[in-house]
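>>> take a look and give me a structure for this.
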Amino acid sequence: MVATALAGGMDTFPKYLLRNAERLGDRPAMRHKDFGIWQSWTWREQLEEVRKLAIGLQSLGLGKGERIAVIGANRPRLYWTFAAAQSLGAIPVPVYADAVADEMAYVLDHAGVRFAVVQDQEQVDKIRSCADKIPALTDIIYDEPRGLALYPPAGLHAFSAVQALGAERLRADPSLGEAWVNAIRAASGEDICVMLYTSGTTGRSKGVMLKAAGAVRAARDTVAFDGLTENDSVLAYLPLAWVGDHYLNYAQGYVAGLCMNCPESADTVPQDLREIGPTFYFAPPRVFESLLTSVTIRMQDAGWLKRKLFAYFIGVAKRHGEAILEGRPVRLSARFAYALGEVLIYGPLKNVLGFSNIRVAYTAGEAIGQDLFSFFRSLGINLKQLYGQTEAFLYVTCQKDGAVRADTVGPPAPNVDIRISDAGEVHFRSPGMFAGYFKQEETTTEAMTADGYVRTGDAGFFDTDGQLKIIDRAKDVGRLKTGALFAPKYIENTLKFFPDIKEAVAFGSGRDFCAAFLNIDLHAVGDWAERNNIPYASYQELAGHPEVARIVAAHVDATNLRLSREPMISGAQVRRFLILHKELDADDGELTRTLKVRRAFVADRYASLVEALYDGSTEKYVETEMTYEDGRKGTVRATVRIHEARTYPAAAPMLEAAA
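Predicted coordinates:
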């Protein structure tokens with residue numbers, strides 16, 4: 001029965017599920033760590049899990065074209081929901097698990113979902129708390145039953161019960177299974193296979209509709225590009241609703257037949273990463289920043305000899321590591337020193353991080369600092385960059401092995417066409433290009449050019465070797481009153497290279513000079529405070545400490561020195577800065593759910609602080625509303641000090657080249 005389903009084009013993911021169950025039947029398809037124990041499902045077992053779920057959902061009334069929400073952390077049952085829904089022609093709509101009730105209600109109502117498959121009681125409670133805002137939703141299916149035993153049963157179903165219903169129907173009428181397979185075989189690649197909501201950096205999230213055939217083609221191209229096979233494995237820890245997770249784990253997983261591993265929880269990801277030792281890995285720059293911060297802190301706490309060895313061999317890696325990784329000529333003495341460093345430092349460090357088996361690693365989501373990028377590559381980790389968008393079904397560019405540069409995002413991905421508009425905006429056409437925004441035809445038209453390219457909203461240019469450089473969001477790139485180019489994201493990423501700085505927001509377009517808000521990294525700076533016997537009771541107290549201000553000022557000074565050596569940006573060095581009295585938070589609307597800064601929102605919310613940076617004030621009293629983890633509101637009050645920073649003359653081209 002499975003073999004007959006493989007006739008025709010492989011243009012949907014359920015068709016790949018059938019293929020993998022037949023060809024890779026007993027190979028692991030999915031693992032999940034639960035109560036400290038890894039549980040596994042083969043491709044054949046996964047097919048049966050999906051089949052039972054699909055028939056159960058069909059029995060509840062889920063049909064072709066209907067939307068079904070998927071909400072929770074990375075769990076096998078939630079990934080099976082994608083395949084089950086797609087096998088019925090329904091459209092899965094993943095939603096960020098940490099979204100507050102109002103955010104979740106907006107997406108569920110806008111998408112018009114009738115069903116929601118959720119992880120646990122928390123998600124059930126959030127949906128029920130705003131049920132009046134989601135009139136179309138009638139049925140909630142939950143994975144974890146804890147805490148739900150006494151809930152009114154109307155419209156509430158256990159995941160296991162839905163699967164049991166499907167299994168019962170299949171036993172009573174075996175022809176249902178054959179009909180299900182035949183429906184998968186007959187499915188059109190032109191159907192919408194998933195709807196992914198954008199992170200909402202510039203406003204309300206938009207529902208990006210992706211067609212099955214385009215999504216499959218895109219995944220097939222990149223699987224071939226990086227040589228992914230059934231022998232590879234990934235750790236699926238990224239937000240379920242983010243295009244990166246759906247593409248890199250679900251889509252590539254089905255096409256390549258690789259094994260997807262789900263961590264026990266967000267807190268156990270580092271340990272789970274070490275236990276699994278994935279061969280393919282993706283993390284946004286923020287994760288790599290956090291890892292470098294953790295390594296730096298651990299070495300500061302290490303003994304004298306370990307610190308000396310670490311410093312020496314990291315120096316060797318910086319000088320020769322990338323050249324060795326890329327197979328370029330390196331003198332024998334340097335290779336010997338690097339090999340010794342692999343035994344003493346790099347190998348143990350990669351093992352601690354869970355990176356020992358990585359064959360291919362990517363970062364994307366926002367620009368990564370060049371020094372941060374080079375640090376991990378120098379350890380022998382094949383870290384590359386890609387540039388993508390939800391509207392492209394992720395890949396727009398990606399870097400080839402042996403042609404990796406820290407300051408670019410690579411050439412166009414396979415079968416992707418890129419051009420730069422006269423205004424400097426990046427436009428693309430790609431195999432996975434979206435079919436439009438759900439219920440937003442006018443916005444879809446605005447996002448497209450007359451000849452069918454997607455406007456990315458990002459400013460960039462091609463370097464001489466054909467690799468794309470992204471400067472910033474096109475609307476954010478501006479100029480100071482002096483005429484100097486102002487690219488806030490570039491400045492922010494340079495500041496964030498320092499482990500003590502977690503977040504930065506730069507201002508300056510149309511103003512006399514560049515200024516910045518900074519968030520300290522509570523983990524890194526807190527460790528420093530403990531080692532120096534400096535007591536503190538909260539983030540606010542530590543952020544306002546004079547010694548912390550001196551440390552951050554040194555980082556800003558080093559940033560300005562580096563910016564002075566960049567001809568395009570040297571005129572936009574940070575003249576004044578402040579350390580915010582609270583951490584930027586997604587629950588307060590200051591960050592997206594993928595942890596990107598909503599710069600316009602931050603500028604508006606802290607308008608008085610922005611003006612204080614430019615009116616010569618040395619301090620400013622503010623009161624800010626904040627949202628606690630349990631949803632309660634509170635007010636944080638502080639007198640924020642404003643600091644001056646030293647700037648440097650722009651380096652002459654000859655001097656810069658020498659540097």
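
>>> which other helices and strands contact the lengthiest strand in the chain?
Determined from DSSP state E, the single longest strand within the chain is strand 633-644. Secondary structure elements in contact with strand 633-644, counted by 3 or more C-beta pairs under 8 Å, 6 or more residues apart in numbering; DSSP states H and E, are helix 546-564, strand 574-579, helix 607-614, strand 619-627. Glycine gets a C-beta too; all of them are placed from N, C-alpha and C.

>>> 6 Å - rerun?
strand 574-579, strand 619-627 (3 or more C-beta pairs under 6 Å, 6 or more residues apart in numbering; DSSP states H and E).

>>> how about a markdown table for the ones you listed, with mean pLDDT added?
What follows is these, written out as a markdown table (pLDDT from 0 to 100):
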| stretch | mean pLDDT |
| --- | --- |
| strand 574-579 | 97 |
| strand 619-627 | 92 |
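
>>> looking at those strands, which is nearest to K350?
Of all the helices and strands packed on strand 633-644, it is strand 574-579 that lies closest to K350, at 33.7 Å by C-beta to C-beta.

>>> how far off centre is that closest one?
With C-alpha atoms, centre = their mean, to the nearest Å as the basis, the distance from the averaged C-alpha position of strand 574-579 to the chain average is 28 Å.

>>> which residues does it contact?
By C-beta atoms under 6 Å, 6 or more residues apart in numbering, the residues outside strand 574-579 that reach it are 513-516, 518, 543, 556, 560, 613, 640, 642-645.

>>> do that again at 8 Å, thanks
Residues outside strand 574-579 that contact it (C-beta atoms under 8 Å, 6 or more residues apart in numbering): 491, 495, 506, 513-520, 543-544, 548-549, 552-553, 556, 559-560, 563, 609, 612-614, 620, 640-645, 647.

>>> what of stretch 118-135?
69, 71-73, 75, 78, 97, 99-102, 104-106, 108-109, 113, 116, 137, 140-144, 146-148, 151, 156.

>>> export it as PDB, just CAs?
Only the C-alpha atoms of stretch 118-135 are listed here, as PDB (Å, rounded to 0.1, in the frame of the first residue of the first chain):
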ATOM      1  CA  VAL A 118      -1.400  22.200  22.500                       C
ATOM      2  CA  GLN A 119       1.300  20.900  24.800                       C
ATOM      3  CA  ASP A 120      -0.100  21.300  28.300                       C
ATOM      4  CA  GLN A 121      -2.400  23.000  30.800                       C
ATOM      5  CA  GLU A 122      -0.700  26.400  30.400                       C
ATOM      6  CA  GLN A 123      -1.700  26.600  26.800                       C
ATOM      7  CA  VAL A 124      -5.200  25.400  27.500                       C
ATOM      8  CA  ASP A 125      -5.600  28.100  30.100                       C
ATOM      9  CA  LYS A 126      -4.300  30.800  27.800                       C
ATOM     10  CA  ILE A 127      -6.700  29.800  25.100                       C
ATOM     11  CA  ARG A 128      -9.700  29.600  27.400                       C
ATOM     12  CA  SER A 129      -8.900  32.900  29.100                       C
ATOM     13  CA  CYS A 130      -9.500  34.700  25.700                       C
ATOM     14  CA  ALA A 131     -12.100  32.300  24.200                       C
ATOM     15  CA  ASP A 132     -14.400  35.200  23.400                       C
ATOM     16  CA  LYS A 133     -11.800  36.500  21.000                       C
ATOM     17  CA  ILE A 134     -11.500  33.200  19.100                       C
ATOM     18  CA  PRO A 135     -15.100  32.400  18.100                       C
END
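
>>> can you give me the buried ones in that stretch?
Within stretch 118-135, the residues scored as buried using 16 or more other C-beta atoms under 10 Å are 118-120, 123-124, 126-128, 130, 134.

>>> mean confidence score for it?
Stretch 118-135 carries an average pLDDT of 95.

>>> and if you look at stretch 54-74?
Per-region confidence: stretch 54-74 scores 97 on mean pLDDT.

>>> hang on, the earlier thing: ok, which of the helices and strands packed on strand 633-644 comes nearest L258?
In this view, these are compared for proximity to L258 by C-beta to C-beta, and strand 619-627 is the closest at 38.5 Å.

>>> and the angle from that closest one to strand 633-644?
Strand 619-627 and strand 633-644 meet at an angle of 150 degrees, taking axes from the mean of the first three to the mean of the last three C-alpha atoms, to 10 degrees as the criterion.

>>> helices or strands up against strand 619-627?
With contacts defined as 3+ C-beta pairs under 8 Å, 6+ apart, the packing partners of strand 619-627 are helix 607-614, strand 633-644.

>>> hmm, try it at 6 Å
Other helices and strands packing on strand 619-627, by 3+ C-beta pairs under 6 Å, 6+ apart, are strand 633-644.

>>> list the neighbouring strands of the strand it packs on plus their orientation.
strand 574-579 (antiparallel), strand 619-627 (antiparallel) (DSSP bridges).

>>> tell me, what residue is most central in this protein?
By C-alpha atoms, centre = their mean, the chain has its centre lying nearest to P284, at 4.9 Å.

>>> please compute how far stretch 578-589 lies from its chain's middle.
Using C-alpha atoms, centre = their mean, the distance from the centre of stretch 578-589 to the centre of the chain it belongs to is 20 Å.

>>> I should have written stretch 547-560 there, sorry.
Mean C-alpha position of stretch 547-560 versus that of the full chain (C-alpha atoms, centre = their mean) differs by 28 Å.

>>> and that stretch, what's buried?
Of the residues in stretch 547-560, those with enough neighbours to count as buried (16+ other C-beta under 10 Å) are 548-549, 552-553, 555-557, 559-560.

>>> pick the one among those residues closest to A435.
Among those, and counting by C-beta to C-beta, the member closest to A435 is T559, at 42.4 Å.

>>> who touches T635 in this structure?
Here T635 is in contact with 623, 625 (C-beta under 6 Å, 6+ apart).

>>> beta partners of it?
When bridges are taken as DSSP bridges, the partners of T635 come out as E625.

>>> which of the helices and strands packed on strand 633-644 sits most buried?
Looking across the helices and strands packed on strand 633-644 with neighbours counted as mean count of other C-beta atoms under 10 Å, the highest average goes to strand 574-579: a mean of 23.
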